[in-house]
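Sharing a model that was predicted from the sequence below.
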Amino acid sequence: MSRGYGAKFKKALKRILYGILIAAGAFLALLILFGILADDPTPSDTVPADNVPAASPQAANTVTAPDTEFEEPATTTQQDPEDGNRTRITVYEETFEEEYGEEWPLTVPEATLVLLPFSVIIARTEQGVFAMNGTAQNHGYAPIDPIWRDNPDIPGTKINIGPLRDALMDLQD
């Protein structure tokens, strides 16, 4: 009689162990899928904001030729060697409203937005590197709150930051 219970116990234990192995494998697959174990940049891998070359909006937007001055677009797009082949865009407060039809949402005069793997969006400014979305915060980047402008029309709220993200994401189309 005890022999029958031992065989049933072994069979049940085997099923439990297989279930645990399958669950562990699925968990690891999810970690890799969501980039937690993938080789993606983390805040410690990025270049500090003070190493980002500072360019004045005037220098970036104006080309002077003999007796003629031409205005260039207020935003610049380029590949950032520190970010590999990542999409980035530099936007300036002085031309943002004219170009995007929205109020400038930051307390700094310019920001370089960078799109990293897994839709992580960061903003590089003179004050540091900040998360532009929840995914970036989940990857350890500092919240944008210290440089996010308060909305003077609605106390307790912030200016819409969506147009900044949209400017970067439009480059992907």
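Arrived safely, thanks for sending.

May I have the secondary structure class of Val114?
The local conformation at Val114, judged by DSSP: H, G, I helix; E, B strand; the rest coil, is strand.

Work out for me the element the spatially closest residue to it that is not a sequence neighbour sits within.
Of all residues not flanking Val114 in the chain, Arg88 sits nearest, at 4.4 Å (CB to CB, 6 or more residues apart in numbering). (C-beta placed from N, C-alpha, C; glycine too.) If you go by DSSP states H and E, Arg88 is part of strand 87-92.

Flag every buried residue along that strand.
Thr87, Arg88, Ile89, Thr90, Val91, Tyr92 (16 or more other CB atoms under 10 Å).

Ala131: which of those residues is nearest?
Arg88 (15.3 Å; CB to CB).

list the contacts for Asp150?
Thr157, Lys158, Ile159 (CB atoms under 8 Å, 6 or more residues apart in numbering).

and if we set it to 7 Å?
The contact partners of Asp150, by CB atoms under 7 Å, 6 or more residues apart in numbering, come to Lys158.

what's across from it in the sheet?
Taking DSSP bridges as the rule, Asp150 bridges to Lys158.

And the nearest residue to Ile161 once chain neighbours are set aside, how close does it get to Asn151?
Counting by CB to CB, 6+ apart, Ile161 lies nearest to Pro105, which is 4.6 Å off, once chain neighbours are set aside. Using CB to CB, to the nearest Å, Pro105 is found at 9 Å from Asn151.

These two: who's more crowded?
Shown here are Pro105 and Asn151; by other CB atoms under 10 Å, Pro105 has more neighbours (21 against 14).

Shouldn't Gly19 be within a strand?
No - counting by three-state DSSP, Gly19 falls outside a strand, being helix.
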